[in-house]
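**Student:** Just to be clear, the model below is a prediction. Sequence and coordinates:
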Amino acid sequence: MQRVMIIGGPGSGKTTLALELGERTGLPVFHMDQIHHLPGWVERDREEKGRLCSEVHARERWIFEGNHSAAYPERVARADTCIWLDLPVSLRLARVVWRTLRHYGQDRPSLPENCPERFSREFFAFIWRTRNTTRVRPLAIKADPPPHLTFVHITSVAELRRYLASLNLTVCAALAQTSG
């Protein structure tokens with residue numbers, strides 16, 4: 001696990017998982033939100049986002065969380081692991097409400113400066129409106145992953161907990177083999 005792609009809808013837990021995996025593995029974590037937005041909630045143009053994504057993809061080691069599906073082909077080609085957090089939209093909406101309340105008026109660490117958390121009717125509508133269409137590309141990757149890619153499809157919090165626990169077991173087993 002050297003290049004990890006974490007995808008999923010808003011509120012699925014991409015940032016939290018990326019930070020957890022980064023802490024466990026020592027891999028550097030990159031957030032798509034920092035590429036997508038400039039300070040003041042200004043969206044970067046598509047070409048600039050693509051260039052910045054390519055810079056991350058070119059690195060030897062990374063955890064890259066976030067979507068920007070236009071960059072999926074390049075990211076899939078470079079990643080060795082893809083984790084798709086495919087949680088129910090009701091849970092994701094509840095998490096976005098909680099996140100907004102918790103950070104309201106403040107910048108979240110995964111966002112650029114001067115992007116204070118706020119309630120946005122448009123954002124909630126986007127989450128609801130795209131709840132099915134945003135699954136198309138991850139489903140295609142899952143259906144035909146390249147041979148080098150380990151694809152992990154997580155559909156519940158319990159599955160995520162089991163996956164993280166299995167990583168602990170794997171890391172412990174690897175450490176036992178190297179120290180034995």
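**Tutor:** Structure received.
**Student:** Give me the pLDDT value at residue 171.
**Tutor:** At residue 171, the predicted lDDT confidence score is 55.
**Student:** Return the residues in contact with residue 31.
**Tutor:** Each residue near residue 31 by CB atoms under 8 Å, 6 or more residues apart in numbering is listed here: 15, 18, 65, 66, 110, 111. C-betas here are computed from N, CA, C, even on glycine.
**Student:** so which of the residues you listed comes closest to residue 9?
**Tutor:** Of all these, residue 9 sits closest to residue 66, with 11.0 Å by CB to CB.
**Student:** Now that closest one: closest residue in space, sequence neighbours ignored.
**Tutor:** residue 32 (2.1 Å; CB to CB, 6 or more residues apart in numbering).
**Student:** before we move on, the earlier item: keep only those of the contacts of residue 31 that are in strands.
**Tutor:** Secondary structure from DSSP state E places residue 65 of the contacts of residue 31 in strands.
**Student:** give me every residue that touches the most centrally placed residue in the chain.
**Tutor:** Nearest to the mean C-alpha position of the chain, by CA atoms, centre = their mean, lies residue 65 at 2.8 Å. Neighbour list for residue 65: 6, 7, 14, 15, 17, 18, 29, 30, 31, 32, 110 [criterion: CB under 8 Å, 6+ apart].
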